[in-house]
Every structure is written in C-alpha cells, then in structure tokens.
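> Please find the sequence and the predicted model below.
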Amino acid sequence: MNQILIIVAIAAFLLYLFSRIKAFRLKDSLEKKILESRAQLALGATLIAISVILLLLSNYTAIQLLIGGVFLLFGIANATHGARAHKHYTAQLD
C-alpha cells in the first residue's frame with residue numbers, strides 16, 4: 001500500500017511538472033489555461049497522496065497529523081479548483 005501511494009504521488013508530481021512546463025512555453029491562449037488547470041489538478045492529486053501517506057501510514061505524531069491535514073485541505077482545494085477551471089476552459093473550445 002505504501003509503495004502504491006508513493007508511486008501515485010510521484011506520477012502526479014511528474015504530470016504536474018510536464019503540464020506546467022508545457023503551459024509555460026505557450027503564449028496566452030485558451031490551450032495555456034487548459035494546461036495550467038491540468039497542472040493545478042495534478043498538484044492537488046500530489047498533495048492528497050502525500051497527505052494520505054502522512055495520515056494513514058505514519059506513527060501518528062501531532063506534527064505529522066497537522067501537516068497531513070493541511071496538505072489534505074490544500075490538495076482538495078487545488079484539485080477542486082483545477083477540475084472546475086478545466087471544465088470551464090474545455091467548454092470554451094467548442
């Protein structure tokens with residue numbers, strides 16, 4: 001279980017980097033905004049995976065629980081905002 005969560009966190013972070021670099025190379029356009037929203041969604045997934053690792057697979061110290069909770073909140077916020085932005089911008093493609 002631990003290795004799977006670590007692989008998910010690394011894969012999501014690599015997807016974040018790929019989307020962010022690809023969006024950085026584009027000029028201001030709708031495609032850039034779509035890629036930025038995908039990057040934000042991937043960053044949220046990374047933070048959620050790290051928080052699950054800290055919350056479920058640790059020794060339950062107060063600091064780990066606090067950091068895991070903060071990462072979970074920020075991860076959910078990033079993933080939610082990224083998904084909504086992606087839905088909004090892809091609807092404009094039509």
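That came through fine.

> in this structure, which spans are helices?
In the chain, helices defined by DSSP state H lie at 2-25, 30-56, 62-91, listed in chain order.

> okay, the angle between the first one and helix 62-91?
Between the axis of helix 2-25 and that of helix 62-91 there is an angle of 50 degrees, by axes from the mean of the first three to the mean of the last three C-alpha atoms, to 10 degrees.

> now for helix 2-25, which elements pack on it?
The helices and strands touching helix 2-25, judged by 3 or more C-beta pairs under 8 Å, 6 or more residues apart in numbering; DSSP states H and E, are helix 30-56. C-beta: built from backbone N, CA, C; applies to glycine.

> cool, and the second one?
Other elements packing on helix 30-56 under the criterion 3+ C-beta pairs under 8 Å, 6+ apart are helix 2-25, helix 62-91.

> Just put the helices of the chain in a markdown table and tack on mean pLDDT.
Shown next, in a markdown table, are the helices of the chain (pLDDT from 0 to 100):
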| stretch | mean pLDDT |
| --- | --- |
| helix 2-25 | 93 |
| helix 30-56 | 94 |
| helix 62-91 | 94 |
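
> Need the winner for burial among those helices.
When neighbours are counted by mean count of other C-beta atoms under 10 Å, the highest per-stretch mean among these falls to helix 30-56, a mean of 20.

> that older thread, so can I have CSV of the helices and strands packed on helix 30-56 showing distance to A42?
Supplementary listing: the helices and strands packed on helix 30-56 in CSV, determined by distance: least, C-beta to C-beta, whole Å:
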stretch, distance to A42
helix 2-25, 4
helix 62-91, 8
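
> for the ones you listed, which one sits closest to K32?
For these, distance to K32 was read as C-beta to C-beta. The smallest value, 5.1 Å, belongs to helix 2-25.

> the inter-axis angle of that closest one versus helix 30-56?
Taking the same axes, to 10 degrees, helix 2-25 and helix 30-56 form an angle of 160 degrees between their directions.

> Quick check: nearest residue in space to A77, chain neighbours excluded?
Counting by C-beta to C-beta, 6 or more residues apart in numbering, G44 is the residue found nearest to A77 once chain neighbours are left out, at 7.3 Å.
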